[in-house]
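Asks: quick one, fold the following:
(chains A and B)
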Protein chains: 2
Amino acid sequence: MDSAYAMPSSGSLSSDGAASRADSPKRLVDADLPKAIDLSHHLSRLAVHRQASSLKQLYQYMTVPGMITMAGGIPSPEYFPFETLSASIQLNDTMPLDPPRVPAKPKKSLLSWLFPSTQDTSSFTIPKYVSSTDPKVIQLATSLQYQAATGPPALSLFLRQYVERIYKPAYADWDVLLNVGATDGWNKICGLLMEQGDAVLVEEWTYPGAENAFIPMEVEMVAIKMDGQGVLPEHMDEVLGTWDEEKRGKKRPHVFYTIPTGQNPTGATMMGERKKAIYEICKKYDVIICEDEPYYCLFSGEWTPKSHKSHKSLVAERAIEAEKKEGKDGNEAFIAALPPTYLTYDTDGRVIRMDTFSKTSCPGSRLGWFTSSPLFIERLTRATEAGTQAPSGFATALTTTLLQTWGFDGYVRWLRGIKATYRMRKTWICDTFEDVFHLEFEEAGSFVSNPSVLDVGMDLGKGVTCYAKPKTGTVEAKWDEKRGLTSKRGPALVSFIPPTAGMFIFLGVHISEHPDYPALVRKGEDAKAILMDKLWRELAENLVLFAPGFGFDAKGPHAIGGEGMGYFRLSFSIATYEQTRTAIETFAKVLYKFYRI
Amino acid sequence: MDSAYAMPSSGSLSSDGAASRADSPKRLVDADLPKAIDLSHHLSRLAVHRQASSLKQLYQYMTVPGMITMAGGIPSPEYFPFETLSASIQLNDTMPLDPPRVPAKPKKSLLSWLFPSTQDTSSFTIPKYVSSTDPKVIQLATSLQYQAATGPPALSLFLRQYVERIYKPAYADWDVLLNVGATDGWNKICGLLMEQGDAVLVEEWTYPGAENAFIPMEVEMVAIKMDGQGVLPEHMDEVLGTWDEEKRGKKRPHVFYTIPTGQNPTGATMMGERKKAIYEICKKYDVIICEDEPYYCLFSGEWTPKSHKSHKSLVAERAIEAEKKEGKDGNEAFIAALPPTYLTYDTDGRVIRMDTFSKTSCPGSRLGWFTSSPLFIERLTRATEAGTQAPSGFATALTTTLLQTWGFDGYVRWLRGIKATYRMRKTWICDTFEDVFHLEFEEAGSFVSNPSVLDVGMDLGKGVTCYAKPKTGTVEAKWDEKRGLTSKRGPALVSFIPPTAGMFIFLGVHISEHPDYPALVRKGEDAKAILMDKLWRELAENLVLFAPGFGFDAKGPHAIGGEGMGYFRLSFSIATYEQTRTAIETFAKVLYKFYRI
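Replies: Residues are numbered from 1 along each chain as shown, chains lettered A, B, ... in the order given. Alright, predicted model coming up:
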């Protein structure tokens, strides 16, 4: 009972009461679906010891009409300095669904041309008081007051609809819970599931930001090999099946951290069959799947080279079809073309999904949500009460009103515009590589040490290798071309898997092809590290800044890369069309000089 | 190096770089003051293992003009749906400094009368782009983008000025760090300083919301006795001096959690002398002081009963003086009248102060800040990067622009209005007790089991005991009055220490005076629990909801209360003048019936 009055003291008593009214009854569960199984043995000691604020004693009276409540220490909204909040917002259909492959009239900013009139905005105003008891109504007197950790009921209602219609979970009693962004979400999940000294399954290349949460807990990363479609089921099965607790001195990992769509840094996307296989393995070894999905709606399918008449994957076809249509059908097609999530296969309730508004609205909203089982959602709610509490009311009020202004279908149309825009940017950078280098398209990227891993059907995840363009016009060049030797000219320089989602190209540098590489190796030096650092610095000196790849290395066995391959991560999310071309052209120049071509 | 690219991946690289420019050079430290001593032995194992994002390699190039950065995965602001944000805000001098003791024309809401024209507002608009390199300029393109965990430089600059001018820390190299409110702040401090199974020093009555953070860590509370001026130095000295690690099976506590101003729930305020004494003891036993100060600016000094010509304490005099003056002098007097903080005595850097905008702006901002030593601020920054990251950009942009619109002195004037408003509300409720009950004013509250503890000089913290009003008019009443027996009529019902700050009255019920009490005790029942619950329910049935006091009990020895005393916490922060009078009048009726008077 010690923390029985946490909420009233923090003032959330009344809003908690409000939430308990507005949120209950909880969402109606689909009777045809199974309920989540009991996975409470996964909870950390910390999570087990969290206590609920037992306010029932007060609840029963809080909603009584005419009650004068002096129980909660909450300030009067009359003392909030903010009387109204207004925003001018873009129209939900501002972003074109089929932007040109090359901007017709390149300006400093492409978008300033895509959106000729910056006056094409709508606006809304949120008043301090609204006389309505509809929980969906947003007013500052409530938004800027203490709120239950579950946040404004209106936002949860919208998100449940979103999850229901787009993710279609495979069990009945899932729910959502707001957090202050995926970094906060993952940090809370680590506290929920991990003990000091545990081991956690990650992708062979992974997001270092996620490591910040469990490294201080001295949790060891166990890397699972990947290909262009994410982690390899057979390797995960092998790692878990052969785990020797004695030898490792650690329990077998029971948590898997993954970025299934537009993986950071590789850009790989796990499609349905792959997820299904991984889910079965996680079920077999009782592993909790934590899917971090910031790039889910940035799923843009396959890159089709200008020069290259590859048959398109079904997924790519459907995605492009979706863009072409308009209105509701387009929305439905867009939703149908998205990869099925782990929730689609989760009959147990062993998936904790993290979504965020950072890429679909703005990072500064610091607003995201969990979708998971009642057990995990309840424990995460207790952790939220003791930490962040509800996200900022400024963020939830403005985001919820934005969503209400656009409506559900309007928001989906906005997401389609975002997706089309990132596909446009991906096409820019891939096309630029095609213009600047001589490309060879492989059935299995030569930079994948074990090509067999790519024999997974579909076009997604096939590699592209870049060579120096042949010097055209010369007699030798013409002669070589006749003999089909063009592509043999010069060493393989860089390779990449055209990303199927997200905002990154993970660029493999064939560093072992560098003239100095063998000598350095003979001298016992770390040839890769030395030469990659040299190349990175020469690039920076030429005003192009890439992220060095070693920071993303989960320090395990590699299917992507490995010996003789160095990596850069290139983000195509913010550079303009012109900057993109300048950067890749500069990269080529620096690379030729570096390789002494 | 694993987490080397956390920030670029999370997109904060560029903003981190921006911050590293805007924030550095760090604030100029006062050469005359000592620097914080090394207290790193207080860090938890978790805190020690946190890693910095080593971006130096990238930093050196990020600010180079013309650099095309593809290193950070940040979305283009052109895709943020928000084009502008606007707010209409109250004028900083809206709240009167000397509101009437009794509202002249009571309306449903007093404030709607105090602020006749709701049109008295100003407004501001935050654009998406501002062409300026001034780090103090707020634009949505930056605020709604990923930011360094330290948040917008403009807000830190304002807060450092605030800390410098109002708290005047006693060492040179202190700094500030934003958090998402005091609950988040304290949660991060528990992770910074505590290990599972530790013990922590708290006030004998404490805030249960704070317990939510360390109870899951199985950390034991060690209660220190209090009086109307907060914890008792002699008792803290005794607890720490006689701590037997063998017998307790625990290390001596090295963390003290305190709410020095308007303590929750007691309403007690520690003045300078008391803080100085506590600080010396914490220095002697190497204890870190964590001061949670949501009510600091709500310090309203002494309550002067209408009927009662008590000489006013110096503090009260100065506070009232401050209200009377206008303009800058008034501000200076307001600042001078505030209790000195622990920072004022902290020459070691062993204080971590938590401030919040919840009571001075709005709780929904979820915005607060730490003030502490470089060591603690740096480790807390690492924890922030791995969790909440920077607070919501909506909250920081709107709050910073609000502060910039009012200016520093304008904000201090706003705080004076807030303070005056809470003093007004405190006076309402205390006056109502005086109108409804017969009051006796004690040199030492009779409900303090050890009266000597109140012999601390000053008027602050003296108790008031409430008796049933004598039935006037009757012959007996007149006769009794002549014989001065009025106050002897009936049992002592409730007692309280008029709060010197904050929003709570901690009301002691002399439950042992209840006719059934002795019989219940004889029967071996928990007479206090049974009767207090009965009284609480009867009150609720009569539409008055108080917070039961047992939830605030730190389960230690009591100087305030103890055997025979039960408690309610009454908040006077939100009820109107009329509701306040109705509630206390109802309370009296219920009480008389309950005591069978």
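
Asks: for chain B, what's its nearest residue on the stretch 451-597 of chain A.
Replies: Here the residue of the stretch 451-597 of chain A nearest chain B is A:Gly551; by C-beta to the nearest C-beta that distance is 3.3 Å. In short, each C-beta sits where N, CA and C put it, glycine included.

Asks: please confirm that that residue is located within a helix.
Replies: Yes. Assignment of A:Gly551 by DSSP: H, G, I helix; E, B strand; the rest coil places it within a helix.

Asks: wouldn't it be in contact with A:Tyr207 here?
Replies: No. Counting by C-beta atoms under 8 Å, A:Gly551 stays clear of A:Tyr207, with 9.8 Å between them.

Asks: just the helices in the stretch 51-200 of chain A please.
Replies: A:56-62, A:110-114, A:140-143, A:153-162, A:182-193 (DSSP state H, counting those that start in this stretch).

Asks: go on, the stretch 201-350 of chain A?
Replies: A:208-214, A:233-241, A:245-248, A:272-284, A:314-324, A:327-337.

Asks: pLDDT on the longest one, on average?
Replies: In this model, helix A:272-284 carries a mean pLDDT of 97.

Asks: could you check the angle that helix makes with helix A:233-241?
Replies: Orientation check (axes from the mean of the first three to the mean of the last three C-alpha atoms, to 10 degrees): helix A:272-284 against helix A:233-241 gives 10 degrees.

Asks: for helix A:272-284, name the packing helices and strands.
Replies: Applying 3 or more C-beta pairs under 8 Å, 6 or more residues apart in numbering or on different chains; DSSP states H and E, one finds that helix A:272-284 makes contact with strand A:230-231, helix A:233-241, strand A:288-292.

Asks: could you dump the ones you listed into TSV and include mean neighbour count and distance to chain B?
Replies: Output for the helices and strands packed on helix A:272-284, formatted as TSV (neighbours: other C-beta atoms under 10 Å in any protein chain shown; distance: least, C-beta to the nearest C-beta, whole Å):
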stretch	mean neighbour count	distance to chain B
strand A:230-231	26	17
helix A:233-241	17	19
strand A:288-292	25	11
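
Asks: possible to save those as a markdown table with mean pLDDT?
Replies: Output for the helices and strands packed on helix A:272-284, formatted as a markdown table (pLDDT from 0 to 100):
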| stretch | mean pLDDT |
| --- | --- |
| strand A:230-231 | 95 |
| helix A:233-241 | 98 |
| strand A:288-292 | 98 |
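
Asks: mind checking which of the ones you listed is nearest A:Tyr592?
Replies: Nearest to A:Tyr592 among the helices and strands packed on helix A:272-284 is strand A:230-231; the distance by C-beta to C-beta comes to 33.5 Å.

Asks: can you pull out the low-pLDDT segments for chain A?
Replies: Scanning chain A with the threshold set as pLDDT under 70 gives A:1-29, A:53-57, A:59, A:105-119, A:308-329, A:443-462, A:472-489.

Asks: report the longest helix in it, please.
Replies: For chain A, the longest helix by residue count, based on DSSP state H, is helix A:393-436.

Asks: show the subsequent helix or strand relative to that one.
Replies: On the C-terminal side of helix A:393-436, the closest following helix or strand by DSSP states H and E is strand A:438-441.

Asks: packing partners of that following strand?
Replies: Using 3+ C-beta pairs under 8 Å, 6+ apart, strand A:438-441 is in contact with strand A:464-467.

Asks: what is the strand it packs on packed up against?
Replies: helix A:393-436, strand A:438-441, strand A:494-496.

Asks: strand partners (parallel or antiparallel) of that strand?
Replies: strand A:438-441 (antiparallel), strand A:494-496 (antiparallel) (DSSP bridges).

Asks: could I get those as TSV with mean neighbour count?
Replies: Below are those laid out as TSV (neighbours: other C-beta atoms under 10 Å in any protein chain shown):
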stretch	mean neighbour count
strand A:438-441	16
strand A:494-496	25
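
Asks: could you redo those strands as TSV and give each row distance to B:Ala383?
Replies: As requested, the strands paired with strand A:464-467 are exported to TSV (distance: least, C-beta to C-beta, whole Å):
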stretch	distance to B:Ala383
strand A:438-441	45
strand A:494-496	35
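
Asks: what's the closest of the ones you listed to B:Leu367?
Replies: strand A:494-496 (42.0 Å).

Asks: what is the subsequent helix or strand relative to the closest one?
Replies: Next along the chain from strand A:494-496, counting by DSSP H and E, comes strand A:504-509.

Asks: what residues sit buried inside the following helix or strand past that next one?
Replies: Next helix or strand after strand A:504-509 toward the C-terminus (DSSP H and E): helix A:517-522. Residues of helix A:517-522 classed as buried by neighbour count (16 or more other C-beta atoms under 10 Å in any protein chain shown): A:517, A:520.

Asks: quick one: list the elements packing against helix A:517-522.
Replies: Short answer (3+ C-beta pairs under 8 Å, 6+ apart): helix A:517-522 packs on helix A:527-541.
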